[in-house]
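Q: Just the structure for this:
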Amino acid sequence: MTPLKQAQQEWVVNTTPHYKDHFHKNGKWAWTDEFRKRDRAIALINWECGDIEINKLEKLPGADKGAADSIVKLLKELADKYHIRISCRVKPYPPDPPWSDSERVPSLQKLKTWYENRGFRLDFTPENPYPMAWYPDIPAEYIAQV
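A: Residues are numbered from 1 along each chain as shown. This is a model prediction of the structure:
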């Protein structure tokens with residue numbers, strides 16, 4: 001079994017399923033994402049790209065600040081244990097309802113700082129305003145040429 005498959009199995013053991021329906025503006029069902037939940041946050045992970053790719057990471061409605069730290073900590077432990085990278089695109093996106101009007105989407109700058117404070121390295125390219133975040137390091141083929 002590959003290290004990536006081992007990490008995926010450990011991820012499944014340490015999280016619970018959290019299916020999230022998405023709807024069109026007219027209220028019709030559009031699709032369901034298979035998030036995984038840990039504590040008060042959920043993550044949608046792509047295991048098919050050769051690393052641990054975070055497609056979406058969200059705290060649950062009403063969760064306190066720092067709710068996603070538990071998921072990121074687990075993913076970093078898996079990355080370290082199995083010598084796998086974590087990658088994601090740092091891009092704010094509005095969460096789906098139900099979501100309180102008092103909760104706001106973080107700014108791009110806050111998201112960049114959030115990932116950097118958790119040990120991710122950001123790769124900025126002029127053609128994309130949304131950087132890639134990598135843990136523990138940036139692959140050589142992705143390093144922006146200056």
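
Q: buried residues in the lengthiest strand in the chain?
A: Longest strand in the chain, counting residues (DSSP state E): strand 29-38. Buried residues in strand 29-38, counted by 16 or more other CB atoms under 10 Å: 35-38. For glycine as for every other residue, the C-beta is placed from the backbone atoms N, C-alpha and C.

Q: Helix, strand, or coil at residue 54?
A: Following DSSP: H, G, I helix; E, B strand; the rest coil, residue 54 is assigned to strand.

Q: Send me the longest strand of the chain as CSV with only the CA atoms.
A: What follows is strand 29-38, C-alpha atoms only, in CSV (Å, rounded to 0.1, in the frame of the first residue of the first chain):
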residue,chain,number,x,y,z
TRP,A,29,-30.5,20.3,-5.6
ALA,A,30,-27.2,20.6,-7.7
TRP,A,31,-24.7,18.2,-6.1
THR,A,32,-23.4,16.7,-2.9
ASP,A,33,-19.8,17.0,-1.7
GLU,A,34,-18.3,14.3,0.6
PHE,A,35,-16.6,16.4,3.2
ARG,A,36,-15.0,14.8,6.3
LYS,A,37,-15.6,16.3,9.7
ARG,A,38,-13.2,16.7,12.7
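
Q: Contacts for the longest helix along the chain next, please.
A: Secondary structure of the chain per DSSP state H: the longest helix is helix 69-82. By CB atoms under 8 Å, 6 or more residues apart in numbering, the residues outside helix 69-82 that reach it are 3-4, 6-7, 10-11, 14-15, 38-43, 45, 52, 54, 57, 84-86, 118-119, 135-136.

Q: measure the residue in the chain sticking out farthest from the centre to residue 34 for me?
A: Distance from the centre of the chain peaks at residue 26, with 28.1 Å (CA atoms, centre = their mean). Residue 26 is 24 Å from residue 34, where distance means CB to CB, to the nearest Å.

Q: ok, now residue 40?
A: Distance, residue 40 to residue 34, by CB to CB: 18 Å.

Q: how about the helices in this protein?
A: Under DSSP H, the chain gives helices at 3-13, 69-82, 108-117.

Q: Most widely separated two among the buried residues of strand 29-38?
A: 35 and 38 (10.2 Å; CB to CB).
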